[in-house]
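K.L.:
sequence and predicted structure below; questions after.
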Amino acid sequence: MTPAELSRTVLRSVRGAVEEQELSVAVPARIVVRPSPRPGCGDYASNVALELAKPAGRPAREVAEILRKRLAGSPGIARVEIAGPGFLNFTLGDEAQVALVRDVLAQGERYGDRSARRTHGGRSARTPEAGSVDGSAPVDGSAPADGALAGAGARGVVVAEALARIEAAAGVPDPRCVHAVPHPSDLVALLARLGSDEARWVLLRPAAHDPVRVPERPVQRESNPRFRVQYAHARARALLRNAGELGFSGEPGEMGRPVVEGAAGVPEEAARPSGPVEGAGTQAASAARTLKGLLTLLATYPSVVETAARLRAPDRVVRHLEATADAFFRWHDDFPPLPVGEQKPLAVHRARLALAEAAGTVLANGLRLLGISAPEHL
């Protein structure tokens, strides 16, 4: 279940309460649902009850209780709790997590893309390719001696290119972003000096009010966020290839228990340590948070694209991809998708492989919006 789906579920509960005269308010056009700010507060939270309390003429917690009763037992929602002055905290059921992975895999390149028109190749007919605003090929050129940026020209062009794709994916293409723009000399120089992927990442990563910091040369190691994101995608693809060689493929399902340091560390439910492992409970809780974090990042990717389009801020997509890559690596260590040693592939391996593929899909889709390659090998 994505935040958008949960938002629609909450909206239906408000509409039902109004129709049955439990609440006397105007039904809002949309309801904001965000990831919970801290552990122990469910998966998502909404302040809808606080917003409706004043027009309803009732205490916020009373409004929250009306909605809680209506939402309890909804498909995909395991628990609804009221916190503080009237916040609603939602804990999703395991079936919602499985449905999310299944949804990402079913949509593939279309996940997070609301473009109405698509070509036979799967790309939006209105979305330019990486390289230039009008879809022309990337430029090449020789860098001048100093190789420095000569103002905001390079940044402006690359941001416009990315926004053309992001806004088309969000379903709100901006006419300002569909006209051909000549590449200024500073962009030509930067592309020649750093290569297309690194140059675009460097220009897109800072927020609009932050300066651009250009490295001397691209660094192919995990300390470089651009490399880390591409490496996470390549790793996800490698897992699929390795699983294919072992004769199994991904299938959304239960993730099983995480590997616990000092234990046998196998993912099979039946294979447990023979005795208690010191710190195992803490490690398991940390692994559960890691899994939840990755799932939340996959679920919120479409809303991040919409926010980036609305605010004209491609750096929102960049930051989300960085967070997704980091979460993927942490999750991968706690929930290995491939069997170890003489283990046979089990249902948990197939479920983990499906989640790895879903993470790779989100990373590839985000990189594509930025005009940056998503390599199969790295």
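P.N.:
Arrived safely. Being a predicted model, the structure only gives us computed values, none of them experimental.
K.L.:
ok, residues contacting stretch 301-319?
P.N.:
2-4, 111-114, 159, 162-163, 166-167, 169-170, 172, 174, 201, 204-208, 320, 324, 362, 365-366, 369-370 (CB atoms under 8 Å, 6 or more residues apart in numbering). For the C-beta atoms, the positions are set from N, CA and C on the backbone; glycine is no exception.
K.L.:
and with 6 Å instead?
P.N.:
3, 112, 162-163, 166-167, 169-170, 172, 204-205, 207, 320, 362, 366, 369 (CB atoms under 6 Å, 6 or more residues apart in numbering).
K.L.:
nearest to Arg79, of those residues?
P.N.:
Pro3 (16.9 Å; CB to CB).
K.L.:
that closest one: neighbour count?
P.N.:
21 (other CB atoms under 10 Å).
K.L.:
excluding chain neighbours, what is closest to it?
P.N.:
Val33 (4.7 Å; CB to CB, 6 or more residues apart in numbering).
K.L.:
swap in Glu95?
P.N.:
Gly76 (6.3 Å).
K.L.:
next one: Glu22
P.N.:
Ile66 (5.2 Å).
K.L.:
what does the helix or strand the one you found falls within rub up against?
P.N.:
For Ile66, the element it lies in under DSSP states H and E is helix 60-71. By CB under 6 Å, 6+ apart, the residues outside helix 60-71 that reach it are 13, 16-17, 22, 49-50, 52-53, 56, 80, 82, 85-86, 88.
K.L.:
and Gly171, how far from Asp113?
P.N.:
As judged by CB to CB, to the nearest Å, Gly171 and Asp113 stand 9 Å apart.
K.L.:
same question but for Thr324, I mixed them up
P.N.:
Applying CB to CB to Thr324 and Asp113 gives a distance of 16 Å.
K.L.:
now swap in Pro252 and tell me
P.N.:
21 Å.
K.L.:
buried residues in the lengthiest helix in the chain?
P.N.:
Ranked by residue count and defined by DSSP state H, the top helix of the chain is helix 280-311. Across helix 280-311, burial judged by 16 or more other CB atoms under 10 Å covers 280, 283-284, 287, 290-309.
K.L.:
and Pro375, what does it touch?
P.N.:
For Pro375, counting by CB under 6 Å, 6+ apart, the contacting residues are Gln230, Ala234.
K.L.:
phi, psi for it please.
P.N.:
phi -70, psi 150 (degrees, to the nearest 10).
K.L.:
in the protein, which spans are helices?
P.N.:
3-19, 48-56, 60-71, 94-107, 153-169, 185-194, 196-204, 225-246, 280-311, 315-334, 347-370.
K.L.:
low-confidence regions, the protein specifically.
P.N.:
Filtered on pLDDT under 70, the chain yields the residue ranges 116-152, 173-182, 260-280.
K.L.:
gap between the residue nearest to Pro3 and Val229?
P.N.:
When Val33 is compared with Val229 (using CB to CB), they lie 26 Å apart.
K.L.:
also Asp113?
P.N.:
Relative to Val229, and taking CB to CB, Asp113 is found at 18 Å.
K.L.:
looking at those two, which is more packed in?
P.N.:
Remark: of Asp113 and Val229, Val229 carries more neighbours, 27 against 24, as counted by other CB under 10 Å.
K.L.:
okay, now Pro211: neighbour count?
P.N.:
Pro211, neighbours per other CB under 10 Å, totals 8.
K.L.:
now do Ser223
P.N.:
So Ser223, with other CB under 10 Å, has 7 neighbours.
K.L.:
same check, this time on the one 4 residues further on
P.N.:
Neighbourhood size, Phe227 [other CB under 10 Å]: 20.
K.L.:
and the closest residue to it other than its chain neighbours, how far from Glu254?
P.N.:
In this structure, Phe227 finds its nearest non-sequential neighbour in Gln220, 5.5 Å apart by CB to CB, 6+ apart. Distance, Gln220 to Glu254, using CB to CB: 36 Å.
K.L.:
also Arg221?
P.N.:
Counting by CB to CB, the gap from Arg221 to Glu254 is 35 Å.
K.L.:
got it, and Glu216?
P.N.:
47 Å.
K.L.:
Arg330 now?
P.N.:
19 Å.
K.L.:
again, but for Arg289
P.N.:
Counting by CB to CB, the gap from Arg289 to Glu254 is 17 Å.
K.L.:
rewinding a little: neighbour count: Arg330 and Glu254, which is higher?
P.N.:
Using other CB under 10 Å, the more surrounded residue of Arg330 and Glu254 is Arg330, with 17 against 14.
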